[in-house]
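# predicted model, plus sequence, below.
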2 protein chains.
Amino acid sequence: MSNNTLQIRRIAIDTYHENVAYLHRDCGVYRAEGFQALSKIQISVNGSKVLAVLNVVDDTCIVLPGELGLSEQAFAQLDATEGSLVTVNHAEAPKSMDAVRRKINGERLSQDDFTHIANDIVDARYSKMEMAAFLVATGQNNLDRDELLYLTRAMLESGDQMDWHEALVADKHCIGGIPGNRTSMLVVPIVAAHGMLIPKTSSRAITSPAGTADTMEVLAEVNLTPEQLHDIVRQERGCLAWGGTARLAPVDDMLISVERPLGIDSQGQMVASILSKKLAAGSTHLLVDIPIGPTAKVRQMRQALALRKLFEFVGDRLNLHLEVMITDGRQPVGRGIGPTLEARDVMQVLQNDPDAPTDLRQKSLHLAGRIIEFDPDVRGGQGYAIARDILESGRALVKMNALIRAQGAKKADFNPGGLCQEVFSTREGFITSIDNFQMAKIARLAGAPMMKKAGVDLLKKLGDRVKKGDLLYRIHAEFPADFMFAQQLAERNNGYLIGDEAQILTSLVEL
Amino acid sequence: MSNNTLQIRRIAIDTYHENVAYLHRDCGVYRAEGFQALSKIQISVNGSKVLAVLNVVDDTCIVLPGELGLSEQAFAQLDATEGSLVTVNHAEAPKSMDAVRRKINGERLSQDDFTHIANDIVDARYSKMEMAAFLVATGQNNLDRDELLYLTRAMLESGDQMDWHEALVADKHCIGGIPGNRTSMLVVPIVAAHGMLIPKTSSRAITSPAGTADTMEVLAEVNLTPEQLHDIVRQERGCLAWGGTARLAPVDDMLISVERPLGIDSQGQMVASILSKKLAAGSTHLLVDIPIGPTAKVRQMRQALALRKLFEFVGDRLNLHLEVMITDGRQPVGRGIGPTLEARDVMQVLQNDPDAPTDLRQKSLHLAGRIIEFDPDVRGGQGYAIARDILESGRALVKMNALIRAQGAKKADFNPGGLCQEVFSTREGFITSIDNFQMAKIARLAGAPMMKKAGVDLLKKLGDRVKKGDLLYRIHAEFPADFMFAQQLAERNNGYLIGDEAQILTSLVEL
């Protein structure tokens, strides 16, 4: 029998969420097996099997004949020492691709199908190409409600699940798309001050100018280990940490690494992604915020209501107490867009500063109030008043400072980036529209969130009256290149429409 | 402005139909730009722009900070010398991905949409992941007939087109799935002997045990340059060459490199693939062979008729004179499966050997006859008789020998592989079914087509009567490992069903 044994060599190439193996073109095993570059091969050692995409190498400095080079991801997954002997074979496509093909052919998939797919994905058996096929096949309306439930359950069960050993573990999630929407950083201190457990983990921004983790990082450490997270939550009843250290619903992360560059997202996948992550994080009670507006992710009330029904259907069957609030997504929330500017807004609200942005304050109180009403001892409708009381009495600020100390305080500097461009109104009238996408794009070009002090500071909001030459907003940046790109974009389209009072969209119901 | 200039370094890694670039993690440009591994970057030099997927490297032996490593594909496409300076930026996703997303959302695409997609694919702007999204989005019934026409036209125009400067350039294509179906190697000599131009280029087998190019290669050279191809065709009126040297409908090859591993194929894509390739090859008249049967690619008459209509619709609008024949796909054609064994069958037919397989002979005469009827001077219905005459008179053999000489004769050895396993019938009865997939799989495991002498030699065909212990077929291999795998598979399922005479599927119309 031909000898398929090779010696492992670790190759210091980061191939990001995909296993890659390297064989020299003159390697006997490569020639005998008839592999071709970008075949998938199966690497076996001590009962452990790992799949990798194969690249063929013509440079003995990278890999020698007789060696099997492994990218960082592949090496980590195989978990064997450099120099060990392994065998390689042609890899069959993962068996669950059969289910994907059946879905492409229009068939309905079962719970088992989704479970096998999720397991294959989490075992890195799916290349990005195969994940793309799965995502497009199951996107749009291609899954019915039950299939969506199966998918969510499969994603949830693909990784670890946290258990807080309490009957009520609260959480909140906004579907996104609204810059400046840092309500979590107010909701968590308010709800934790009430005494409810709210261990909030958040993601870093991928396409937006700031995620909750990025903004909290202005004030405190967010990269906490699961152990640190547990201690802080036990002590303070809440936290505002980055969710990347625990292995929660790993399939979600892998699918997102394909969804984002492809720019595809469907309501079904959004529901499966959010609910699997929250349930894996140990939540028992979840508040979902769906902002709607002409430049929000969800444009119409009808769409928001359909999405709400999906969340309710899946959540109920997975024993998650779930409430959905449909909120105002017609413009950015607050004034600041970008980590430092948003952190400033948050602290102003917590400090009961009269200059604090009213919309951020009000929205946060409503959301916090609704979560407080998860408490069986709180009468329905009383949540808002309780939340407002916690905020106005200063208890929310005390709790936030406690969280910051517990997570590890940073020297917070609320001065935005030194390079500043002011953008003025070119006519008289009312602010009739602010484009969420455009504002987010300008802030990102300015450098947010990587440059924490970069972003946009809004001085005028929807419905405000302006004269020609009035200041609409300021762009802040830390580096000239970023600054220039942001300026150029704002010059082409500053995201604001000025018109007559009648043009202002006043009611969400019209959407 | 931050300096995004780097020095090119050629990396001897073959990443097969995908551009990859390598940056060192400590490289200033990598850190400043906020790229993450597997972002796409755009590399610019002298007005030339190339997109590549980015891998991050931690080994200065592979790439140094300040250098941009390029995989072989990327280096070839960029076409600059090692050491040149280039600039890198974030790459936007190809603009035409917008059209792909619209299709995912259920919209209809225009000719311009498909043209932009094809151009982006041919410029290597699409990663395999993006091609997978496109294929699934446009698969199954997701394209209507007009969209299919647009796609075919876009694929055709994405590469070079050959022009033979004759009014009638004949071609033939079988949609595949039937082992042993080497009718082209009889049709081409017969039609060329008649005097019609038939420059036949074929592919090598990707999933089957032998393609026409693999089988012809037993007899003669097939890797001809476009120039050699032209000369031979002018001289002999035909050829049987490998189609890989000319750049015909390159989008097709790139899509196939994703379709095959994903195992997806839809009728629409099949039509677009075949017609774009044939038109690019300069064909004016095309005969399409659609075999149907329980283990063929097309299982039902209804499906074959729908496919025929698709071919006719698109072909007519692209000025291709197209005829479709629906043929018998209930079992392999001929006796041999695998290059050497099939070449033997072909030569037996050409030599008018009484032992030549009748089904291969008859099918080839019918196909050749239909093509001969493309000739305006041939009366409808007379083609078969003309073809048979050319064969029986020996003119087809003379022509084949001329083609072999012109392409470059090989020392043909029709002895199959030395390792031989005989497979016997376990009961008495009639051969009621032969599984095309299983026979192809056994032949491939035995080593075909890489090992030319490997394969299967069928001694009994559908409808034959057998006694217990009668020889059904022989497995041939050249290497013990291949031999063993093929034996094991045949032992589990030898692909034959023996039953009562009444169970034999006698008519295609029943499908």
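Okay, I see it. Residues are numbered from 1 along each chain as shown, chains lettered A, B, ... in the order given.
# near chain B, which residues of the stretch 301-450 of chain A?
Along the stretch 301-450 of chain A, the residues adjacent to chain B under the rule CB under 8 Å from any CB of the partner chain are A:Met450. Every C-beta, even on glycine, is put in place using the N, C-alpha and C of the backbone.
# all strands of the stretch 301-450 of chain A, in order?
When secondary structure is read from DSSP state E, counting those that start in this stretch, the stretch 301-450 of chain A shows strands at A:321-328, A:336-337, A:419-424, A:429-434.
# cool, and the stretch 1-150 of chain A?
A:5-10, A:13-14, A:20-24, A:40-45, A:48-57, A:67-70, A:85-90.
# so what strands line up beside the second one?
Partner strands for strand A:13-14, per DSSP bridges, with pairing direction: strand B:48-57 (antiparallel).
# what angle do the partner strand and strand B:85-90 make?
Note on geometry: by axes from the mean of the first three to the mean of the last three CA atoms, to 10 degrees, strand B:48-57 and strand B:85-90 are set 70 degrees apart in direction.
# got the contact list for strand B:48-57?
Contact with strand B:48-57 is made by A:12-16, A:71, B:18-25, B:30, B:35-43, B:63, B:69-71, B:74, B:77-80, B:91, B:94, B:123-125, B:127, as judged by CB atoms under 8 Å, 6 or more residues apart in numbering or on different chains.
# of those residues, just the buried ones, PyMOL syntax please.
Of those, the buried ones can be selected in PyMOL as follows, counting by 16 or more other CB atoms under 10 Å in any protein chain shown:
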select buried, (chain A and resi 12+13+14+15+16+71) or (chain B and resi 18+19+20+21+22+23+24+30+35+37+38+39+40+41+42+43+63+69+70+71+74+77+78+80+91+94+124+125+127)
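# one step back: using JSON lines, please lay out the strands of the stretch 1-150 of chain A together with mean pLDDT.
JSON lines is the format used below for the strands of the stretch 1-150 of chain A (pLDDT from 0 to 100):
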{"stretch": "strand A:5-10", "mean pLDDT": "90"}
{"stretch": "strand A:13-14", "mean pLDDT": "88"}
{"stretch": "strand A:20-24", "mean pLDDT": "91"}
{"stretch": "strand A:40-45", "mean pLDDT": "86"}
{"stretch": "strand A:48-57", "mean pLDDT": "87"}
{"stretch": "strand A:67-70", "mean pLDDT": "93"}
{"stretch": "strand A:85-90", "mean pLDDT": "87"}
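# dump the ones you listed into CSV; add distance to A:Ile290 as well.
Rendered in CSV, the data for the strands of the stretch 1-150 of chain A read as follows (distance: least, CB to CB, whole Å):
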stretch, distance to A:Ile290
strand A:5-10, 46
strand A:13-14, 36
strand A:20-24, 39
strand A:40-45, 40
strand A:48-57, 38
strand A:67-70, 44
strand A:85-90, 47
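# okay, and for chain A, where does confidence drop off?
Low-confidence regions of chain A, defined by pLDDT under 70, span residues A:1-3, A:32-34, A:36-38, A:245, A:508-511.
# how about the contacts made by A:Val251?
When contacts are counted by CB under 8 Å, 6+ apart, A:Val251 is found next to A:Ala118, A:Ile121, A:Val122, A:Ala154, A:Met155, A:Ser158, A:Gly159, A:Ser276.
# please report how far it lies from chain B.
With distances taken as CB to the nearest CB, to the nearest Å, A:Val251 is found 17 Å from chain B.
# assign that residue to helix, strand or coil.
In the three-state summary, A:Val251 is assigned as helix, counting by DSSP: H, G, I helix; E, B strand; the rest coil.
# ditto for A:His476
Three-state secondary structure (criterion: three-state DSSP) places A:His476 in strand.
# okay, and the beta partners of it?
Using DSSP bridges, the bridge partners assigned to A:His476 are A:Cys420, A:Gly455.
# count the residues that sit near it.
As a burial measure, the neighbour count of A:His476 was computed by other CB atoms under 10 Å in any protein chain shown and equals 30.
# separation between A:Tyr473 and chain B?
Summarising the geometry, the distance separating A:Tyr473 from chain B, computed by CB to the nearest CB, is 24 Å.
# who touches stretch A:138-157?
Judged by CB under 8 Å, 6+ apart, the contacts made with stretch A:138-157 from elsewhere in the structure are A:103, A:108-111, A:113-115, A:117-119, A:249, A:251-252, A:264, A:266, A:268-269, A:271-273, A:275-276, A:279-280, A:310, A:313-314, A:317-318, B:104-106.
# same check on stretch A:391-409?
By CB under 8 Å, 6+ apart, stretch A:391-409 touches A:185-186, A:188-190, A:192-193, A:216, A:219-222, A:224, A:232, A:235-236, A:238-241, A:349-352, A:361, A:365, A:390.
# list the buried residues in that stretch.
Under 16+ other CB under 10 Å, the buried positions of stretch A:391-409 are A:Leu391, A:Arg395, A:Ala396, A:Leu397, A:Lys399, A:Met400, A:Ala402, A:Leu403, A:Ile404, A:Ala406, A:Gln407.
# is it true that A:Lys200 touches A:Ala241?
Yes: if you go by CB atoms under 8 Å, A:Lys200 and A:Ala241 touch, sitting 7.4 Å apart.
# compare these two and say which one has the larger neighbour count.
A:Ala241 (29 against 26).
# residues in contact with the nearest residue to that one once chain neighbours are set aside?
On the basis of CB to CB, 6 or more residues apart in numbering or on different chains, the spatially nearest residue to A:Ala241 that is not a chain neighbour turns out to be A:Leu224, at 4.6 Å. Under the criterion of CB under 8 Å, 6+ apart, the contact list for A:Leu224 reads A:Ile232, A:Cys239, A:Ala241, A:Trp242, A:Thr245, A:Gln407.
# quick check: A:Leu224 vs chain B, distance?
If you measure A:Leu224 against chain B using CB to the nearest CB, the figure is 22 Å.
# show me the domain layout of chain A.
When chain A is parsed with automatic domain parsing, its domains come out as A:5-90, A:170-248+A:278-407, A:419-503.
# ok, which of the ones you listed comes nearest B:Glu259?
domain A:5-90 (13.6 Å; CB to CB).
# of the strands of the stretch 1-150 of chain A, give the one that comes closest to B:Ala477.
Nearest of these to B:Ala477, taken as CB to CB: strand A:85-90 at 17.0 Å.
# elements contacting that closest one?
Helices and strands touching strand A:85-90, by 3 or more CB pairs under 8 Å, 6 or more residues apart in numbering or on different chains; DSSP states H and E, are strand A:5-10, helix A:28-33, strand A:40-45.
# hmm, try it at 6 Å
Counting contacts by 3 or more CB pairs under 6 Å, 6 or more residues apart in numbering or on different chains; DSSP states H and E, strand A:85-90 is packed against strand A:5-10, strand A:40-45.
# Serialize the ones you listed to JSON lines and add fields for distance to chain B.
Below are those laid out as JSON lines (distance: least, CB to the nearest CB, whole Å):
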{"stretch": "strand A:5-10", "distance to chain B": "9"}
{"stretch": "strand A:40-45", "distance to chain B": "7"}
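# one step back: which of the contacts of stretch A:138-157 are buried?
When neighbours are counted using 16+ other CB under 10 Å, these contain these buried positions: A:103, A:109, A:113-115, A:117-119, A:249, A:251-252, A:264, A:266, A:268-269, A:271-273, A:275-276, A:279-280, A:310, A:313-314, A:318, B:104.
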